[in-house]
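# Following is a predicted model, sequence given first.
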Amino acid sequence: MRRVSRVFHLTAVAVCGSLATAATLLAQAPTEIGGQKIVVLKRAAVSKTKPEFTSVTLLPGRGMELQQITANFPGKGTMDVLASPDLAGSKEMLDVKDDDFGDLGYRLGAAFLVPYPNRIRGKLSADGKTLTTSWEGHTITLPANNIGKLPTAERHAMHGLILKAKTDDVKVRDIPGGQEVTGIIHAGNYHGHWLSKTDLYFTISLTADAVDASIVAKNVGNETEPIAIGWHPYFKLPSGDRTQVRIHIPGSMSAQVDNYDNVFPTGKLLPVTGTQYDLQAPNGAALAKNFYDDNWSHLTWKDGMVTVKVIDPAAHYGVKIEGLSPEIKTLQMYAPLAMQFVAIEDQFNFADPFGKEWGKMDTGMVTLKPGASTKWHVRLRVFVPAQ
């Protein structure tokens, strides 16, 4: 073969190989996770001066989890708001590697946590698979699906019962400036783990200025039940320099925990003033080299909302998390040292809400009588922080 022909042949092979690889990747891009079609809300960015949300990717087959949110920052282009693998990686995590409880669901994106966010302790069964706790004289049996790493760790229930739930009546519609999706999870009695039956009505909307997420929980059973709602969004830190990222949390008290392995509350609420947990300044405080897996309460509400800020000065990037439901009593933040994300969890309740350590204190669980409803509503905004 002459040189020219060989060069042409190699170039053709390379091009064809690239096209084949691209075609393979496109063919492998998943269209469903958890047995249901992936939903993507989209809109085109139009502003040349301010950031705008451009997409929300949702997983109706996994409790309506938000797998990713994107936003356009002028001069930078499209940026991922959530720390999450791509769809292929998410499918592998959730459809191949996950356990029976769906625990990998709250290790990516933004999973919804119902009917309890955070930890619940109780009496462990002989086989170690379940635990029992009590509410208003009623016994509740929950999966004991989590445990720390130390020899002293205690197995406990964690992050609710809808991580593998399927969503019915999923509908997408256009709204002014964007799109919206609705759906219903007929949670029932959560596979026998709860006291009554619950329907969960989801609404997720995308516009230039905001991503809104709301859940209305309605007791459709015949018994009174406790309920709390929260979520577990991992917000990406685009600069890759965690130490200079600043967090604003408007909470004046933090819940003392036994250690950062169990992360069980002791029942004591401590003032944050003068400690690493004081993040109340308008522009917060730097994460520096501080580890956090903590809960803030006694929240300051302004203009009908409680607002947390994640500010990444080096990336000229910021996210506001606006809690809009009065039932949101606490904020949990998880910020591990080695990772470039921070989880900000707006939730109704304190950890271990049925625990005796709290005495007679209201731990944030909402009591729903048959026919009654409660709502959780959080709004996200992106912004460029002042220099």
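Sure thing, it's come through. The structure displayed is predicted, hence computed values, not measured ones.
# Verify the stated contact: Val114 with Gly160.
Yes. In terms of CB atoms under 8 Å, Val114 counts as a neighbour of Gly160; the distance is 5.0 Å. Bear in mind the C-beta positions are built from the backbone N, C-alpha and C, glycine included.
# In terms of neighbours, single out the busier of the two.
A direct count of neighbours by other CB atoms under 10 Å for Val114 and Gly160 places Gly160 higher, at 30 against 27.
# Quick check, central residue of this structure?
His232 (2.3 Å; CA atoms, centre = their mean).
# Distance of that residue relative to Asn219?
24 Å (CB to CB, to the nearest Å).
# now swap in Arg62 and tell me
24 Å.
# Val172 too?
28 Å.
# So these two - more neighbours on which side?
Taking other CB under 10 Å, Val172 and Asn219 do not tie; Asn219 has more neighbours (22 against 14).
# hang on, isn't that one packed against Lys197?
Yes. The criterion here is CB under 8 Å, and Asn219 meets it with Lys197 at 7.2 Å.
# what are the ranges of the strands in the stretch 101-250 of the chain?
Counting by DSSP state E, counting those that start in this stretch, one finds strands in the stretch 101-250 of the chain at the ranges 110-113, 119-120, 123-124, 130-135, 138-143, 157-158, 168-175, 178-188, 198-206, 211-219, 225-227, 230-236, 246-248.
# neighbours around the closest residue to Phe350 other than its chain neighbours, how many?
Nearest residue to Phe350, sequence neighbours excluded (CB to CB, 6 or more residues apart in numbering): Thr363, at 4.6 Å. Using other CB under 10 Å, Thr363 has 22 neighbouring residues.
# Thr363 belongs to a strand?
No. The assignment for Thr363, made by DSSP: H, G, I helix; E, B strand; the rest coil, is coil rather than a strand.
# For Ala29, give me the pLDDT.
Note on Ala29: pLDDT of 84.
# Now do the contacts for it.
Contacts for Ala29 were tallied using CB atoms under 8 Å, 6 or more residues apart in numbering; they are Leu87, Ala88.
# Likewise for Ala286?
Thr243, Gln244, Val245, Arg246.
# ok, the second one - contacts?
Under the criterion of CB under 8 Å, 6+ apart, the contact partners of Gln244 comprise Ala286, Leu287, Asp312, Pro313, Ala314.
# before we move on, back to that, quick check: of the contacts of Ala286, which has the highest neighbour count?
Neighbour counts for the contacts of Ala286 (other CB under 10 Å) peak at Val245, which has 27 neighbours.
# what bridges to Val181?
Val172, Ile204 (DSSP bridges).
# And for Val378?
Note on Val378: beta-bridge partners by DSSP bridges are Ala213, Gly323.
# surely Thr273 meets Ser252?
Yes. The pair Thr273 / Ser252 is scored as a contact, 7.5 Å apart, by CB under 8 Å.
# Look at those two and report which has more neighbours.
Neighbours per residue, other CB under 10 Å: of Thr273 and Ser252, the larger number sits with Ser252, 17 against 10.
# The more buried one: helix or strand, and which one exactly?
Assignment of secondary structure by DSSP states H and E places Ser252 within strand 251-257.
# quick one on the thing from earlier: just the contacts of Ala286 now: which is nearest Leu131?
Set against Leu131, the nearest of those by CB to CB is Val245 (36.1 Å).
# In this structure that closest one contacts Asp312, no?
Yes. The pair Val245 / Asp312 is scored as a contact, 5.1 Å apart, by CB under 8 Å.
# joint contacts of the two?
If you check Val245 and Asp312 against CB under 8 Å, 6+ apart, the residues they both contact are Leu237, Ser239.
# what distance separates the start and the end of stretch 347-366?
11 Å (CA to CA, to the nearest Å).
# no, scratch that, I was asking about stretch 261-275
In stretch 261-275, first residue to last residue: 21 Å (CA to CA).
# What residues sit buried inside it?
Asp261, Asn262, Val263, Phe264, Pro265, Gly267, Leu269, Val272 (16 or more other CB atoms under 10 Å).
# got it, and stretch 139-148?
For stretch 139-148, using 16+ other CB under 10 Å, the buried residues are Ile140, Thr141, Leu142, Pro143, Ala144, Asn145, Asn146, Gly148.
# show me the residues around the closest residue to the last one other than its chain neighbours that make contact.
Put plainly, it is Gly148. Nearest residue to Gly148, sequence neighbours excluded (CB to CB, 6+ apart): Asp261, at 3.6 Å. For Asp261, the residues meeting the contact criterion (CB under 8 Å, 6+ apart) are Gly148, Lys149, Leu150, Thr152, Ala153.
# and the two most separated of the residues you listed?
Farthest pair in those (CB to CB) is Lys149 and Thr152. Separation: 10.0 Å.
# Comparing those two, which residue is more hemmed in?
Neighbour count, other CB under 10 Å: between Lys149 and Thr152, Thr152 has more, with 9 against 6.
# so who does the more buried one touch?
With contact set as CB under 8 Å, 6+ apart, Thr152 has these partners: Asp261, Asn262.
# mind redoing it with 10 Å?
Counting by CB atoms under 10 Å, 6 or more residues apart in numbering, Thr152 touches Asp258, Asn259, Asp261, Asn262.
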